Structures are given as structure tokens and as C-alpha cells.
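1. Can you look at this prediction? I've put the sequence above it.
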Protein chains: 2
Amino acid sequence: MVDADARSYHHGDLRQALLAEGLELARTGGPAAVSMREVTRAVGVSPNAAYRHFADREDFVHAVAAQSQRALAQAIADRVAATPDDLDPANASIERLRRVGLAYIDFARAERGWFELAFFTQDTQANAGIVTLDDEVVAPFQLLMDTLDGMVASGALQESRRPLAEWACWSAVHGFADIAVHGPVRWQPEPVIDALAAAVVEAAITGVRGTADAPAPVEQAV
Amino acid sequence: MVDADARSYHHGDLRQALLAEGLELARTGGPAAVSMREVTRAVGVSPNAAYRHFADREDFVHAVAAQSQRALAQAIADRVAATPDDLDPANASIERLRRVGLAYIDFARAERGWFELAFFTQDTQANAGIVTLDDEVVAPFQLLMDTLDGMVASGALQESRRPLAEWACWSAVHGFADIAVHGPVRWQPEPVIDALAAAVVEAAITGVRGTADAPAPVEQAV
DNA sequence: GATTGATGTGTACACCGTTCACATCTATGT
DNA sequence: ACATAGATGTGAACGGTGTACACATCAATC
């Protein structure tokens, strides 16, 4: 067993410490700010020590990215969970989709660096698996899929329009997030960005549903 | 006057040569591949020579980015110009929007590096001006705006739905491009990506128009 | 024809990722 | 209890990067 004394030759839990510091650095500077030398320096260890735990920088950044992706999934899940329960099922399921989108966008705006990082899992090429991270944590993409399935179940989305809807939604929301973080929207005042985000999300919802009309609120059977 | 003899002490048109080489490097590797040392090496000049023409690397990359943005605008304009003319005005204007979107996506897929670069004009913070590049070249964003305005003129888009439509369209298309280039879609076979792209663009069009129904084809008055 | 400003060079510094040989400690097997 | 093996951290070093400084070279101008 290790006692994690900071002054001992062996750090105790270096891998975890490096990841934490990496997350810190990425928070403000994104993936580019994650430097092996700086991370090891901050932890108080020689630059090479990191290579006992990670193959190379890319490997390390991917490990940090997994954490930021977890944070994104959490932000979405929280916002969806807070959906008011005084809505009829169809409109409630739409509201959940709206929340998925806005949470994604707001996370990007609030945690720019982490957002950049979360989308950095790019070339992992996890063959078939899309964006599933691991089994205990629900990846953002899965949350979106479930929400859309819920819309079909509640009658808010025709079954025939369900296929590929996830790509339309993710594209719209991710695109706006990127534009809001790296593009010209970045220079707009916050309330303007809020309004644009809302418009984009509404358009995405309309786009997948095929109509701008809200479903007629029906009393749910008891 | 300079005679542009490659062997003379003064290069003749170093600035242009550096930009051309930068564009070459960025084509395959994106912004990250644009290295001052490599660019100058390729041109056959000392590393510092570049600093007589560009303040620093960032300044240089932005200059190269402007060129790639031009290429993107051109790709879009070409595809829009090729719109068949046997459509009624409303459906023709919708077809043009579809072409703007698909051209954007296909450019990203075909010229991954340039696409990354084109979106790198990010922090220029050109205060009010959105994505206008310079006056002679029409920026991609302007092409989108004009197309949407055309839809209003042709009756394909209600005037009340016009505001902010550009953001919904750009977001959807840009988001999918990013996902297709950096995200999981990258690992799908080409025909699948084509299908996804088409679905995303259709959803975007439906999203801004507020309905999935095509406008009734009306004979144009003579 | 001398001078001046523009342009390119050489050297150098600080940073980076990464490798190699070596030091140190922990855990294991007798 | 003790040697030993494996895991973990260190130091020095290599090649890469961006870029600052002083200097060299040329073109255009008075």
C-alpha cells in the first residue's frame, strides 16, 4: 500500500494527479494548453515521469478528454432531469430535447476549454461504437438518442421521422456551439447569444418533427 | 522593380511564396501543420525572413486562412450557380439553399485541412463585420444570407421566419461538417456520410421553413 | 555616387515532446 | 529476514518549434 506522502520518491497516485492537472490546464486553454512538461511541473515531478503512465501526449490528452466528456454528459443529464413535470407527455418530451440542446450549448460557452477537449475523442476510431465512453457513464450522444426515442413514445415525433434525427440535432447544436465558441457569435453580447441559441434549437426541433406546431396538449390517462 | 530571380539575396515576392507554401501545408495537416520553420525551409529562406512579412505565426496562419476561406466560398458559389433552371422560383430557391449546405459539407470532407483553416478566423474579432472577408470576394456567410433572402422573395420562406434563419442553417451544416471531419461520422463509409449529410440538410431546411412540405409548384408569370 | 530603408541571415534562447541509461523504492518469494 | 525483480521516478540529451537580436545585403533615392 502507498501512503501518498507527497515527498516520497514515488508519488503514490501520479496518474490521477496528472489527469487532474491536465483537466485544470485544459479548462482555460483547451487541448492545446495541455503540455506534458507543464503538467508534470505542476505536480512537482520530472517530465518523464508521465511516460510511465501514458504512452505519449496524445494518449494523455485522450484520457483527459474522457473526463471532460463526462462533465458534458453530466451537465446535460442534470438539465434534462430538471424538466418541469406539469407538461403533457408530448410537450414534455419536446422540452427535454430542447434542454439537451441548450445544455450542450451552454456547456460549450461556460467551459470552452473542456468543450473543445470533449470533442477531441475524434480519431479514436472506436470502430463500431459511436460515442459511448464506458458503461457506467452515459455519453452525451446516448442521452440524445434516448430523448428522441422518448419523443416517439410520447407521440411528439412520428416514427417515420425518427431515423437519423440524432444527426440533425447534434449537428445543429454542435455547430452553433462551435460558432459561439470559435466563430463570430463569440463577440456578441451574452443575451444575443442566448437568443440565437434558442432560435437554433427551435429550428432543430422543428426540423426533425417536420412542423413548427406544438402537439395539442392532451390530458394523460390515469 | 524586382526580377524574382530565385537565387538573388532578396527573394522578390517572399510574402506570396510563403502564403502559397502555407496553403499547401495546411491542405493536408490543417492549421497545426503550418510551421514557420517548415514554410521558410520549403521556400528556401531562413526562418526569420518570414517575420519581415508577418508579425508572428498567428498572423501568418490568419493570412493563409483567408485564402482557404476564399476557396470555400468559391466551392459554394460554383455549386449554387449550377442549379438547374427548370424549377419554379420557390423550389429553385430551396434547391439553392440545399446546394449551399451540401457544398459546405462536401468542401469540409474533400479539403479537411482547408476547412479547419477556414474556420480559424475566429478571434479576429472584426468588431461588427461578421464573416466578411474583403470586398471583392463574397464570404461564405454572405452567400447563405443572399440565398435565404431569395427564398423569401420567391415565397419559399415566410418573412416572419427569415430572421436568424442564417444561424440555424449555418449551425446545422457546420456542425455536421465538423462531425464528419473530426467526429464519429468520419469512420463511416462514404455513401453513408452522403445520406447523413442529405438528411441533415433537409432537416435544416424544414427547420427554417417551419414545414416539411414542398411549396406547390406554380407556373411563373411571363 | 553615398545613404537609407527594406529585406534576408546567423546565432541564440526558451520552450516543447520524447528517449536512454540510471536511481530509487515496493512488493514478492523464499 | 533478506535478496531480488518489477514498477516508478530522475537527469541528461536530441531534435523540433517560435521568435528576438545584431548584422549583412541589396534597391531605391537624394
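-> That came in fine, so what should we check first? Numbering: from 1, shown residues only, chains lettered A, B, ... in the order given.
2. ok, the residue nearest in space to the middle of chain A to A:R186 distance?
-> Closest residue to the average C-alpha location of chain A: A:L72 at 3.2 Å, with CA atoms, centre = their mean. Here the criterion is CB to CB, to the nearest Å. By it, A:L72 lies 19 Å from A:R186. Backbone N, C-alpha and C define where each C-beta goes, glycine included.
3. Show me where chain A has its helices.
-> A:14-29, A:36-43, A:57-81, A:89-110, A:112-118, A:140-154, A:165-182, A:190-209 (DSSP state H).
4. touching chain B at all, the fifth one?
-> It refers to helix A:112-118. No: under the criterion of CB under 8 Å from any CB of the partner chain, chain B is not reached by helix A:112-118; the shortest gap measures 10.8 Å.
5. Return the alpha-carbon coordinates of that helix using CSV.
-> Taking C-alpha atoms only, helix A:112-118 is exported to CSV below (Å, rounded to 0.1, in the frame of the first residue of the first chain):
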residue,chain,number,x,y,z
ARG,A,112,-14.9,26.5,-23.6
GLY,A,113,-11.7,24.5,-22.9
TRP,A,114,-13.5,21.4,-21.8
PHE,A,115,-15.9,21.5,-24.7
GLU,A,116,-13.0,21.7,-27.1
LEU,A,117,-11.5,18.8,-25.3
ALA,A,118,-14.7,16.7,-25.2
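6. For it, name the packing helices and strands.
-> helix A:14-29, helix A:57-81, helix A:89-110, helix A:165-182 (3 or more CB pairs under 8 Å, 6 or more residues apart in numbering or on different chains; DSSP states H and E).
7. Ok, the fourth one next?
-> Contact partners of helix A:89-110 among helices and strands, from 3+ CB pairs under 8 Å, 6+ apart: helix A:57-81, helix A:112-118, helix A:140-154, helix A:165-182, helix A:190-209.
8. And for the last one?
-> Secondary structure elements in contact with helix A:190-209, counted by 3+ CB pairs under 8 Å, 6+ apart, are helix A:89-110, helix A:165-182, helix B:165-182, helix B:190-209.
9. what's the distance between the nearest residue to A:N48 once chain neighbours are set aside and A:D13?
-> What sits nearest to A:N48 in space, not counting adjacent residues and going by CB to CB, 6 or more residues apart in numbering or on different chains, is A:T40, at 7.9 Å. The spacing between A:T40 and A:D13, counted by CB to CB, is 14 Å.
10. which stretch among the helices and strands packed on helix A:112-118 comes nearest A:A49?
-> helix A:14-29 (6.3 Å; CB to CB).
11. Could you tell me the angle between the closest one and helix A:57-81?
-> If you take axes from the mean of the first three to the mean of the last three CA atoms, to 10 degrees, helix A:14-29 sits at 70 degrees to helix A:57-81.
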